[in-house]
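Enquirer: Sequence first, then the predicted structure:
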Amino acid sequence: MQSEHWEVPKLIWQHPDPGLTRIEVLRHFINHKHGFKFKNYYELYQYSVSDWTFWKDLWEFLGIISSVPPTQVIIEAPLVDSPRWFPNARLNYAENILFRNDDAIACTVARETGFLRHYSSRELREMVRVMRNAMRANGLKAGDRVAAIVTNSIDPIVIAMAASSIGAIYSSTAPDMGVSGILDRYRQIRPKFVFSETEVLYAGKQISIIPKVVQVANDLAHHGLERVIVFPSSVTGMDVDPRGIKNCSILSAFLSEGRDEPLAFEQHPFDHPLYILYSSGTTGPPKCIVHTAGGVLLQNKKAAATEWDIRFDDTHFQYTTCAWMMWNAMLGALAVGARLILYDGSPFHPSVRSFLKFINDQRVTHIGTSPRFLSEIQGQGIRPLDLAPFETLRCVYVTGAVLTPPLYEWAITAFPKRAHVNAGSGGTDICAGFIGACTPLPGYSGEMQVKSIGMKVEIFDPEGNNIEDTGLPGELVCTRAHPSIPLGFWGDEGRKNFFNAYFAKYPGVWTQGDFIVKNPKTQGLVILGRSDGVLNPSGVRFGSGEIYTVMDQFSHVVDDSLCIGQRRPQDKDERVLLFLKMRPGNTCTEDLKVKIRGAIKTALSARHVPAYIFEVAEIPYTVNNKKIEIAVKQIVSGSTLKPSGTVANPDALKLYYKYVDLEALVGQPKAKL
Ligand SMILES: CC(=O)CC(=O)O
């Protein structure tokens, strides 16, 4: 769509008192400090992406705790070389996250069973102290790796903060990941310790993960692992017998090995490694992305404070596993003095109604969720506001996939008007956001509001021209350094894989792999899908997100959908295939297909109409709840794939092989309408 065809979508957000927002306070802070006269977010943003001093301003504004404050902001270097930030500063990440030391609740652990346990910030620090001392007694030192197989509970925070207090590097996976997925990751990073829970509770089922831990421990013993530390889940509190697991202790025994020393935070450079996260490739070994302590701290505290406006004593609930970067990112809320809700389990068990009431009862101020969750409750005909008033709720942040306009518009009526429904996009690659919310600015249906402060995001055409003001879609790129560019990939000799992952497409420019468009009328941004999943029938390029938006109209009968392009070696052109997973009791009738085709034609164009629509039993997802489009596209185009441990339901991929030979299956494509 060219610039002149864009419209201003429905207004869905307007702050009643924009001057009170933290991002506005940051603007005044910077104006005052430098004598600038920036009038609005956009002027502040321009400064943030053209003058490195912005990041020092931000450091001061956020009150980053350091033993040596920075004097120099950056040693400039090409992005691909991960420029050094704040080279002379010394700080500790955990010291910043655990800055509160009082009786206010820092974390609340909750489970499907109704289990609830609060931890004050004083208790949390004490747990970290004991863990740190045990780790030190067992020889953990800066740069060593500590890995975990854990649910979202208090334990991963304690382990990660204790590791970080020493300068060790923390990495976690969720217990639902398969053995090969865990080994693909941890064999590469060679952890010294692995911490693991022994059972998991999900959708009412208690599952022992001991057999998995045995396999992981025995294998990793050949890859540098010195100790396995197991503990029962906080819900069951069951006794654990560590005898079948190599080099294994139970947590209480491990903790008793530490000396009684006070909590201390070792001071390291800003770019000291903190976390290893994994790229969610659905085939091939995962890439181990090494993130820096200072970069993650500055970015995640920035987002908590200025993007979501989380404040001291607020309550933040990000629904996530410990395998998704949103777990790491949510710790930014602790760094501003808020409480975290740590929930693990299904949001639908015993019922989504009780889950929503729990959010209300815990007086949550900020929820982080996914479009999938919202569309599920919408599809079930549940409107949260009918269940509870959500009196404290101020923000509903949605990420992980595209939040479509119908879902946006439903969400603003489903939650209180005061709650800022907004969407953001970034990724594991930077452990931060590229695009997100700006509370004082108006928000429009289907659009993310702004480029995040400090993030020089542009939209490129295939030749590398910036096309963002044309209204045409292109590649999301980042053309300037920011503090959470990772150090690189673990074990990536010569940085070859790092280069190929982000810099092969445009020289010197970070390519994120998202297909994006900007509405020139509002400056709002819309992710249309992953750029390697772009659909391209007869030369019309569009993202699957556009089809999913239309599919929201059918959410009462269609549970989920997957839209991909098929192009086999013998095909002259690509064709669009749409797969539907129906809600129980519904089938994909010819009549429904006609309605879907008609809706797509009306909303988009005849060129967007799928050549085929099929009912399938399952849509494949990654363990981080992302639809797997690329692997399905490859399968239906004739490739045979070996799914990686990142696929949550690998058997679902098998359902798609039969669509390679479509002609045998259904004959020639029908006329489109
Ligand atoms: C912030 C994000 O972009 C999170 C994700 O989708 O992985």
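Expert: Perfect, thanks for sending it.
Enquirer: Tell me which stretches of the stretch 201-350 of the chain form helices.
Expert: 210-220, 251-255, 293-302, 325-335 (DSSP state H, counting those that start in this stretch).
Enquirer: Looking at these, which is nearest to Arg22?
Expert: Minimum separation from Arg22 across those (C-beta to C-beta) falls at helix 293-302, 9.9 Å. For the C-beta atoms, the positions are set from N, CA and C on the backbone; glycine is no exception.
Enquirer: and the longest helix for the chain?
Expert: Of all segments of type helix in the chain, defined using DSSP state H, the longest is helix 121-137.
Enquirer: which helices and strands does it pack with?
Expert: Contacting helix 121-137 under the criterion 3 or more C-beta pairs under 8 Å, 6 or more residues apart in numbering; DSSP states H and E are the following elements: strand 105-111, helix 154-166, helix 251-255.
Enquirer: Determine which stretch of the ones you listed is the most buried.
Expert: Per-residue neighbour counts averaged over each of those give the maximum for helix 154-166, namely a mean of 26 (mean count of other C-beta atoms under 10 Å).
Enquirer: Run the angle between it and helix 325-335 for me.
Expert: Calculated by axes from the mean of the first three to the mean of the last three C-alpha atoms, to 10 degrees, helix 154-166 forms an angle of 70 degrees with helix 325-335.
Enquirer: Listing partners with orientation, what would you give for the helix or strand following the longest helix of the chain?
Expert: Using DSSP states H and E, the helix or strand that directly follows helix 121-137 along the chain is strand 145-149. The sheet places strand 145-149 alongside strand 169-173 (parallel), strand 193-197 (parallel), with pairing taken from DSSP bridges.
Enquirer: How about the last one, which residues are buried there?
Expert: Neighbour-count burial for strand 193-197, with 16 or more other C-beta atoms under 10 Å as criterion, is recorded at 193-197.
Enquirer: mind listing what the closest residue to the ligand within the chain touches?
Expert: Of all residues in the chain, the one sitting closest to the ligand is Gly426 (3.7 Å; C-beta to the nearest ligand atom). Shown here is Gly426, whose contacts under the criterion C-beta atoms under 8 Å, 6 or more residues apart in numbering are 399, 432-436, 452.
Enquirer: In three-state terms, label it for me.
Expert: Reduced to three states with DSSP: H, G, I helix; E, B strand; the rest coil, the structure at Gly426 is strand.
Enquirer: Now name the helix or strand holding the residue nearest to it when sequence neighbours are not counted.
Expert: Counting by C-beta to C-beta, 6 or more residues apart in numbering, the nearest residue to Gly426 once its immediate chain neighbours are dropped is Gly433, at 3.4 Å. Following DSSP H and E, the helix or strand that holds Gly433 is strand 432-436.
Enquirer: mind giving me the domain split of the chain?
Expert: If you go by the TED database, the domain ranges for the chain are 12-85, 533-666.
Enquirer: tell me the most buried of the ones you listed?
Expert: Mean neighbour counts were compared across these using mean count of other C-beta under 10 Å; the top stretch is domain 533-666, at a mean of 18.
Enquirer: for it, what is the average pLDDT?
Expert: Average pLDDT, domain 533-666: 90.
Enquirer: Could you dump the strands paired with strand 145-149 into CSV with mean pLDDT and distance to the ligand added?
Expert: Putting these into CSV (pLDDT from 0 to 100; distance: least, C-beta to the nearest ligand atom, whole Å) gives the following:
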stretch, mean pLDDT, distance to the ligand
strand 169-173, 97, 15
strand 193-197, 96, 23
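Enquirer: Would you format the ones you listed as CSV with distance to Ala611 included?
Expert: As requested, the strands paired with strand 145-149 are arranged in CSV below (distance: least, C-beta to C-beta, whole Å):
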stretch, distance to Ala611
strand 169-173, 39
strand 193-197, 47
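Enquirer: bridging residues for the closest residue in space to Gln267 that isn't next to it in sequence?
Expert: In this structure, Gln267 finds its nearest non-sequential neighbour in Arg90, 4.1 Å apart by C-beta to C-beta, 6+ apart. When bridges are called by DSSP bridges, Arg90 pairs up with Val68, Pro269.
Enquirer: just use 54 as the starting number from now, easier for me
Expert: I'll keep to 54 as the first residue from here, and by that count the last item is Arg143.
Enquirer: Count the neighbours of Arg143 for me.
Expert: 17 (other C-beta atoms under 10 Å).
Enquirer: cool, Thr575 as well?
Expert: The burial count assigned to Thr575 is 18, neighbours taken as other C-beta under 10 Å.
Enquirer: sorry, back to before: isn't the residue nearest to Gln320 up against Val121?
Expert: Yes - between Arg143 and Val121 there is a contact under C-beta atoms under 8 Å: 3.9 Å.
Enquirer: Quickly list what's touching both of these two.
Expert: The contact sets of Arg143 and Val121 overlap at Gln320 (C-beta under 8 Å, 6+ apart).
Enquirer: Could you list the residues of the stretch 404-553 of the chain in contact with the ligand?
Expert: Counting by C-beta under 6 Å from any ligand atom, the positions of the stretch 404-553 of the chain adjacent to the ligand are 452-453, 477-481, 486.
Enquirer: just to revisit the earlier point, quick check: the gap between the residue nearest to Gln320 and Ser119.
Expert: With distances defined as C-beta to C-beta, to the nearest Å, the gap from Arg143 to Ser119 amounts to 6 Å.
Enquirer: which residues are common contacts for these two?
Expert: Counting by C-beta under 8 Å, 6+ apart, the contacts common to Arg143 and Ser119 are Gln320.
Enquirer: tell me the mean pLDDT for stretch 146-161?
Expert: 98.
Enquirer: Name the residues of that stretch that are buried.
Expert: Along stretch 146-161, these residues count as buried under the neighbour rule (16+ other C-beta under 10 Å): 146-151, 153, 158-161.
Enquirer: in the protein, what spans have low per-residue confidence?
Expert: Scanning the chain for pLDDT under 70 picks out 54-57, 287-292, 333-337, 721-726.
Enquirer: sorry, back to before: can you give the contact residues for the longest helix of the chain?
Expert: Helix 174-190 is touched from outside by 147, 151, 153-160, 172, 199, 207, 210-212, 214-216, 218-219, 221, 246, 307-317, with contacts defined as C-beta under 8 Å, 6+ apart.
Enquirer: which residue sits closest to Thr693, ignoring its sequence neighbours?
Expert: Tyr710 (7.8 Å).
Enquirer: Please tell me how far the one you found sits from Gly691.
Expert: Counting by C-beta to C-beta, the gap between Tyr710 and Gly691 amounts to 10 Å.
Enquirer: coming back round to it: quick check: buried residues in the longest helix of the chain?
Expert: 174, 177-178, 180-189.
Enquirer: Columns distance to Ser233 on top of the residues you listed, output as a markdown table?
Expert: Conversion of the buried residues of helix 174-190 to a markdown table gives the following (distance: C-beta to C-beta, whole Å):
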| residue | distance to Ser233 |
| --- | --- |
| Ser174 | 39 |
| Leu177 | 34 |
| Arg178 | 37 |
| Met180 | 32 |
| Val181 | 32 |
| Arg182 | 36 |
| Val183 | 34 |
| Met184 | 29 |
| Arg185 | 32 |
| Asn186 | 35 |
| Ala187 | 30 |
| Met188 | 28 |
| Arg189 | 33 |
